[in-house]
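> Quick one, fold the following:
(one chain, ligands or ions: 2)
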Amino acid sequence: MSSAYIRDVAQREGEEVTVRAWLVSRRSSRGLHFLQLRDGTGEIQAVVASDAVDEATFEATRRLQRETSLEAVGTVTREPRSDSGLELRLRTLTVVGEGGDIPVIQNEAPIEARLEHRHLWIRAPRQQAILRVRAALIRSIHAVLEERGFLQVDAPIFTPNAVEERTSLFETRHPGIPYLTQSGQLHNEAAAMAFGRVYSYGPVFRHERTPNPARHLSEFWMVEPEVAWMQLDELIDFCESFVSAVIAGVVGRAGADLELLGRLEVARGVEQPFARITYSEAIDAAREAGATIRHGDDLTAEAERLLSADRTTPLFVTHYPASVKPFYMKRDPHDPDSVLCADLLAPEGYGEILGGGEREDSLDRLSERLGDDGLNAEDYEWYLDLRRHGSAPHSGFGLGVERTVAWLCGLSGIAEAIPFPRLP
Ligand code: 4AD
Ligand code: MG
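Numbering: from 1, shown residues only. Ligands and ions are numbered 1, 2, ... in the order given. This next block holds a predicted model:
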């Protein structure tokens, strides 16, 4: 007799196995207890019959509470009436840890209570499906980038440099490197000048000034590819094929989980090409749809929602005004007021999931832009060195993992998209 994961039990028909699991639910009829067991690899029904176990075990089973951890020994038997088509006919049942009712698992609790009990809520089937989709997304990201010749060169978390809005920096007590990073981009640019095609994958931190619980985490995970010699048009093509390949990978790895969430057809329905509009066109379209926004404003959540609400495929918005984007974005040579950038908006109003563009490669313009953003050039000397020593055109982007999960899984808030959310 050996122990088995529930996933593998189907191959053991007719054999006696030991399953170590948690009790999802129990129902009893005369002479029989039906136990639904979960071990993280699957679920199976176990049957405790009064004539197959000793009387003490049969009576104790009647009092088992949900989430009891247990060791069950029984024979794998075909049973068309069970969900999996199999059941485990138990010979012995040993309780390892007492259980108890946990309302958040059965989705009977308000969202605040669920978040407070996140450490238990992740046992719920829907949460498990979401976190499996997240894992599949991360796997796909690494697989697609490796296949396309990218080297993973990670970026530091302690940093002296703001990358995005200074107001959203988290301060540390680390002398000389006083912030938690908002983005690995600047270090990725150095790595791209050394290795050509690189990416970082890791947690980043933002203290959002006007947090939106549907879209903002204080700590989130981002993949950030950076490519030497790549310019904006090529970058947009690359983003489109990257996102498409990654989603196909998620469908392949976690199709059953997407199905459980009712989102398989949505993920399958993402088709190339993605629409591309300029910022200026986006403002006109958003205004027409009723957004209160003017040319020159950054796209609001409302405008993003209106632009993407009726779509099934993501939408690129390009060439934003320089005034709403960070110092590192390259000016459009045809329109010095705008920058060579592209944001990707997810369908159904989920908003921006990816932001990227071409980087300013001129030392003078970059120094000037740092000053405009109120940043201290001394802290960026190392970054400016990249423009002093063999500066080359280059582009990159960041894809937010949890924003992408929220869209793919159809979530109403971003908190469920990460195992243990750090909310603003
Ligand atoms: O648009 P952002 O700020 O771009 C950058 O950080 C670039 N430096 C990336 C690069 O080019 N290497 O952020 C990128 C993505 C957004 O599109 C969004 O998906 C996600 O990060 N994001 C957040 N996700 C959760 N919570 C927040 N507070 C987020 N802020 C941005
Ligand atoms: Mg952005």
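> ok now stretch 243-251, how far from the chain's centre?
Chain-centre distance of stretch 243-251: 13 Å, with C-alpha atoms, centre = their mean, to the nearest Å.
> Hmm, I typed the wrong one, I wanted stretch 312-324.
From the chain centre to the centre of stretch 312-324 is a distance of 21 Å (C-alpha atoms, centre = their mean).
> Likewise for stretch 275-287?
Relative to its parent chain, stretch 275-287 has a centroid offset of 27 Å by C-alpha atoms, centre = their mean.
> does any part of stretch 356-363 sit near ligand 1?
Yes. Against ligand 1, stretch 356-363 shows contacts by C-beta under 6 Å from any ligand atom at Gly356. Any C-beta I mention is one placed from the backbone N, CA and C, and that applies to glycine too.
> From ligand 1, how far off is Pro213?
10 Å (C-beta to the nearest ligand atom, to the nearest Å).
> Equivalent analysis for Phe205, please.
The value you get for Phe205 to ligand 1, if C-beta to the nearest ligand atom is used, is 9 Å.
> May I have the beta-bridge partners of that residue?
Phe205 has these beta-bridge partners by DSSP bridges: Glu219.
> Near Ile353, how many other residues are there?
Per other C-beta atoms under 10 Å, the neighbour tally for Ile353 reads 22.
> Check the secondary structure at it for me.
Using DSSP: H, G, I helix; E, B strand; the rest coil, the secondary structure recorded for Ile353 is strand.
> so what pLDDT did it get?
Listed pLDDT for Ile353 reads 98.
> Any figure for the gap between Leu264 and ligand 1?
The gap separating Leu264 from ligand 1 is 22 Å, by C-beta to the nearest ligand atom.
> Repeat that for Arg209.
The separation that Arg209 has from ligand 1, given C-beta to the nearest ligand atom, amounts to 11 Å.
> Please name the residues that touch the nearest residue to Pro273 once chain neighbours are set aside.
Among residues not flanking Pro273 along the chain, Glu240 sits closest, at 6.6 Å (C-beta to C-beta, 6 or more residues apart in numbering). Residues in contact with Glu240 (C-beta atoms under 8 Å, 6 or more residues apart in numbering) are Gln272, Pro273, Phe274, Phe316.
> Can you list phi and psi of Glu240 for me?
phi -60, psi -50 (degrees, to the nearest 10).
> pLDDT wise, what is the residue nearest to Asp379 when sequence neighbours are not counted at?
Excluding its sequence neighbours, the residue lying closest to Asp379 (C-beta to C-beta, 6+ apart) is Pro160, at 4.8 Å. We have a pLDDT of 95 for Pro160.
> Next up, the contacts around Pro160.
Taking C-beta under 8 Å, 6+ apart, we find Pro160 in contact with Gly176, Ile177, Pro178, Tyr179, Asp379.
> Only whichever of those residues are buried, select them in ChimeraX.
Per 16 or more other C-beta atoms under 10 Å, the buried members of those correspond to this ChimeraX selection:
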select :178,179,379
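> which among the contacts of Pro160 gets closest to ligand 1?
Nearest to ligand 1 out of those is Tyr179 (C-beta to the nearest ligand atom; 13.7 Å).
> Show me what from the stretch 51-200 of the chain comes close to ligand 1.
Checking the stretch 51-200 of the chain against ligand 1 by C-beta under 6 Å from any ligand atom, the hits are Val163, Glu164, Ser183, Gln185.
> so the first one touches Ser183, yeah?
Just to be clear, that refers to Val163. Yes. With contact defined as C-beta atoms under 8 Å, Val163 counts as touching Ser183 (4.1 Å).
> Give me the three-state assignment for Val96.
Strictly by three-state DSSP, Val96 counts as strand.
> Quick check: phi and psi at the nearest residue to it once chain neighbours are set aside.
Take Val96 and drop its neighbours on the chain: the residue closest to it by C-beta to C-beta, 6+ apart is Ser69, 4.5 Å away. Dihedral pair for Ser69: phi -90, psi 140, per degrees, to the nearest 10.
> What is the neighbour count of Ser69?
For Ser69, the neighbour count with other C-beta under 10 Å is 15.
> Contacts only, for it.
So Ser69 contacts Arg20, Ala21, Trp22, Leu23, Val95, Val96, Gly97, Gly99 (C-beta under 8 Å, 6+ apart).
> what's across from it in the sheet?
Going by DSSP bridges, Ser69 forms beta bridges with Trp22, Gly97.
> do you know how far it is from ligand 1?
With the distance defined as C-beta to the nearest ligand atom, Ser69 ends up 34 Å from ligand 1.
> How about His394?
11 Å.
> Now the closest residue to that residue other than its chain neighbours: phi and psi?
What sits nearest to His394 in space, not counting adjacent residues and going by C-beta to C-beta, 6+ apart, is Ala228, at 4.8 Å. Dihedral pair for Ala228: phi -70, psi 150, per degrees, to the nearest 10.
> Could you give the number of residues near Ala228?
Count around Ala228 with other C-beta under 10 Å applied: 19.
> ok, it - contacts?
Residues near Ala228 by C-beta under 8 Å, 6+ apart: Ala192, Met193, Gly196, Arg197, Ala392, Pro393, His394.
> OK, contacts around Gln182?
Contacts of Gln182 (C-beta under 8 Å, 6+ apart): Ala162, Val163, Glu164, Ser168, Leu169, Val204, Phe205, Arg206.
> Swap in 6 Å and give it another go.
By C-beta atoms under 6 Å, 6 or more residues apart in numbering, the contact set of Gln182 is Val163, Glu164, Val204, Arg206.
> Am I right that it is in a strand?
No. Counting by three-state DSSP, one finds Gln182 to be coil, located in no strand.
> Model confidence for it, exactly?
98.
> quick one: buried residues of the helix or strand where Glu59 lies?
Here Glu59 sits within helix 55-62, counting by DSSP states H and E. Within helix 55-62, the residues that count as buried by 16+ other C-beta under 10 Å are Thr57, Phe58, Ala60, Thr61.
> could the residues you listed go into a markdown table alongside distance to Pro213 and pLDDT?
Formatted as a markdown table, these follow (distance: C-beta to C-beta, whole Å; pLDDT from 0 to 100):
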| residue | distance to Pro213 | pLDDT |
| --- | --- | --- |
| Thr57 | 47 | 92 |
| Phe58 | 48 | 95 |
| Ala60 | 44 | 94 |
| Thr61 | 43 | 96 |
